[in-house]
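> next come a sequence and a model predicted from it.
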Amino acid sequence: MSAPRVVVVGDVLLDRDVLGTSDRLCPDAPAPVVDVERTAESPGGAGLAALLCADAGADVRLVAPVADDDAGRRLRAMLEPRLTVVAVGHEGATRSKTRVRAAGTSLVRLDEGGPGEPTDVPLDAVEEALRDADAVLVSDYGGGVTTHPGLRTLLARAAARTPLVWDPHPRGGPPVPRAALVTPNVAEAMRATGSAGGGPDQLAADLCGRWDVDAVVVTAGAQGACLARRDGRAVVVPAGHVEHGDPCGAGDRFAATAALHLATGCTVLDAVVRAVEAATGWVAAGGAAAYRSLPQGSPHTASPERESPAMVRARLGARGPVVATGGCFDLLHAGHVATLDAARRLGGSLVVLLNSDASVRRLKGPTRPLVPAGSRRRVLEALDCVDVVVDLDDDDPVRLLGELRPDVWVKGGDYDLADLPEAQVVQAHGGRVVLVPFVPGWSTTGLVARASAGPLTRPQERA
């Protein structure tokens, strides 16, 4: 299957993080002194959205104004190895946002450049880029792309034949009619409706009719999102709990994920569910600052919706010993829950390595798994004792454990350490292997066999 073709249209920014430490105030003003350690920069705005689509394997074309200055040339140099840039003229200097950060917190943001309005727009080249797109993402950062008459005409034509996701901005133009999905946050939705109240469901329904689009999803951070459709149906999609995190860039992660899934034929509801999951994971992983700090080609950039094992370790290590366990968890039952609960009590957090569908088939046979990986993951993530689920495509966990470096690796059942190939890699970095008892009578294989034989009988449970 060929890679989905995604066209991103919007305003590109240069995002810059000045990173350092701060442990004193200026002698002449109540302002923190930051000892700079390094500076990280990357494309922001539509540039970030386009990179996230490219990271997921899409064939991406980015239509955006790019200034002919040093910062604009640096932007193109960061973008062009990974996607195709259809450059539009840019009024003024490159727009940039510089955040001065210490201890993971932004102290101040400096905005420069602009206004960034499009000039000398090559409409024929833009029309050609849009013609064979599987999805279009409009990433509006208020620079003028979405108010340009020629670009709006082309986007309206594209929306009539191609799933188009519109990520709006208060200073931008309204979405074109028949857009498949518009993704304002609560503040943007309230400003667009002129409302000082009303829940996300009311805002989404109001905007769906006001804008004449197929669907509107109002994102509400930790409260998840509310999706309203043209036919009047509405649904709330809750977000997973994030104890600490950075929401910067979460809107781009959300919109990019929705566009990617619509490009592959998913329904709008499924695309929104996936987008909420991806945005939650993005916030938990440290947001745009964490993304900028990683080298290109790292495990995180290859699959931006999920943290790499090393990032999981870095995030959870402050809570105490990191405990890990793994398995197929096909038809989650009492035996699984007992093992997971016992594992969680051994440290400050629990990471579950979940076998992929292909891995389960190799281990258990062609009729397994009974439940696909996405559903198995969602059930595990709903358990209070599970902090993170990491995908395991290999037949054994050795490689991932080498990256995760857990303090404790837990196995349930009658194992001998000599039978566990992963024991050596866990112990090599100072971890220990713990065996916990299993609950007699509970196994997925046994459940399947009893269900096939007739009425399901309960296994004997210990008093």
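Perfect, thanks for sending it.
> residue contacts, the residue nearest to residue 357 when sequence neighbours are not counted?
Excluding the flanking residues, the one nearest residue 357 by C-beta to C-beta, 6 or more residues apart in numbering is residue 373, at 5.0 Å. Where you see a C-beta, it was placed from the backbone N, CA and C, and this is true even at glycine. When contacts are counted by C-beta atoms under 8 Å, 6 or more residues apart in numbering, residue 373 touches 354-357, 391.
> ok, the residue nearest to residue 327 when sequence neighbours are not counted - how many residues close by?
Nearest non-adjacent residue to residue 327, counting by C-beta to C-beta, 6+ apart: residue 355, 6.7 Å away. Residues lying near residue 355 (other C-beta atoms under 10 Å) number 27.
> do you know how far residue 355 is from residue 267?
27 Å (C-beta to C-beta, to the nearest Å).
> pull out the buried positions in stretch 150-170.
Within stretch 150-170, the residues scored as buried using 16 or more other C-beta atoms under 10 Å are 151-152, 154-155, 158-159, 162-169.
> can you give me the strands in the stretch 51-200 of the chain?
For the stretch 51-200 of the chain, the strands defined by DSSP state E, counting those that start in this stretch cover 59-65, 84-102, 105-119, 135-139, 164-167, 181-182.
> of those strands, which is nearest residue 242?
strand 105-119 (16.2 Å; C-beta to C-beta).
> quick test: name the residue nearest the centre of this structure.
Centroid-nearest residue in the chain: residue 278, 2.8 Å away (criterion: C-alpha atoms, centre = their mean).
> next structured bit after the top helix by length along the chain?
Assignment by DSSP state H gives helix 268-284 as the longest helix of the chain. The first helix or strand that comes after helix 268-284 along the chain, using DSSP states H and E, is helix 287-293.
> show residues contacting that next one.
In contact with helix 287-293 (C-beta under 8 Å, 6+ apart) are residues 15, 17, 19, 40-42, 44, 48, 99, 101, 104, 245-250, 252, 282, 285-286, 300-301, 304, 311.
> which stretches of the chain have low pLDDT?
Along the chain, the parts satisfying pLDDT under 70 run over 1, 196-197, 243, 294-307, 413-419, 438-463.
> ok, back up a step: how far away is the residue nearest to the centre of the chain from residue 34?
32 Å.
> swap in residue 392?
Counting by C-beta to C-beta, the gap from residue 392 to residue 34 is 40 Å.
> neighbour-wise, which of those two wins?
residue 392 (22 against 18).
> in space, what's closest to that one - neighbours in sequence excluded?
For residue 392, the spatially nearest residue (C-beta to C-beta, 6+ apart) is residue 353, at 4.4 Å.
> list the beta-bridge partners for the one you found.
residue 326, residue 390 (DSSP bridges).
> and for it, the neighbour number?
Look at residue 353: counted by other C-beta under 10 Å, it has 23 neighbours.
> I'd like the numbering to begin with 557 instead of 1 from here.
I'll keep to 557 as the first residue from here, and by that count the last item is residue 909.
> for it, what are its contacts?
Per C-beta under 8 Å, 6+ apart, neighbours of residue 909: 880-883, 946, 948, 953, 956-957, 960.
> look up phi and psi at residue 962.
When read as degrees, to the nearest 10, the backbone of residue 962 gives phi -70, psi 150.
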